[in-house]
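*Asks:* Here's my sequence, what's the structure:
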Amino acid sequence: QVQLVESGGGSVQAGGSLRLSCAAPGYDYCTYDLSWYRQVPGKEREFVSSIDSDDGSTNYADSVRGRFTISQDNAAKNTVYLQMDDLKPEDTAMYYCQTRPSGAYCPGGWGQGTQVTVSS
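*Replies:* Sure, this is the predicted structure:
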């Protein structure tokens, strides 16, 4: 499996912003469509957002649409960002980056997660 690397989590007050990053080091020969998921203890992991590497089309969960923006770094292969604005306490979760397999030599995988905590 590919080991994705996330960064950028932290603690903010409601209404604040954070920017998460995700990269797939060592797999520049692959082209990945990257997604973000989040999970709260005791609950299932839920989809947050995704981006298509070919055309840049994006998808968002209803709960974050209009507040979060996913983008890809055109200069750094397989690197995406999640700009999170107007954060709410219910956005508090562990955020994970994920990708599906992309060809015989490009495995899918998850990152280890980055914690986002929003206080009221």
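*Asks:* Point me to the helix or strand that includes the residue of the chain positioned farthest from its centre.
*Replies:* Each residue of the chain has a distance to the centre, and by Cα atoms, centre = their mean the biggest one is for residue 104: 23.7 Å. Under DSSP states H and E, no helix or strand contains residue 104.
*Asks:* what about the strands in the chain?
*Replies:* 5-7, 10-13, 18-23, 34-39, 46-51, 58-60, 68-72, 79-84, 93-99, 109-110, 114-119 (DSSP state E).
*Asks:* just checking, what packs against the first one?
*Replies:* Okay, so that is strand 5-7. strand 18-23, strand 93-99 (3 or more Cβ pairs under 8 Å, 6 or more residues apart in numbering; DSSP states H and E). (Glycine included, C-beta is placed from N, CA and C.)
*Asks:* Check this structure and tell me which residue is nearest its centre.
*Replies:* Note: the chain centre (Cα atoms, centre = their mean) maps to residue 36, 3.1 Å.
*Asks:* Mind exporting the C-alpha coordinates of stretch 65-74 to CSV?
*Replies:* The C-alpha coordinates for stretch 65-74 follow below in CSV (Å, rounded to 0.1, in the frame of the first residue of the first chain):
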residue,chain,number,x,y,z
ARG,A,65,-19.7,22.3,0.8
GLY,A,66,-19.2,26.0,0.6
ARG,A,67,-16.7,26.0,3.5
PHE,A,68,-14.0,23.6,2.4
THR,A,69,-12.0,23.7,-0.8
ILE,A,70,-9.9,20.9,-2.2
SER,A,71,-7.2,21.6,-4.7
GLN,A,72,-4.2,19.9,-6.3
ASP,A,73,-0.7,21.2,-6.6
ASN,A,74,0.2,21.4,-10.3
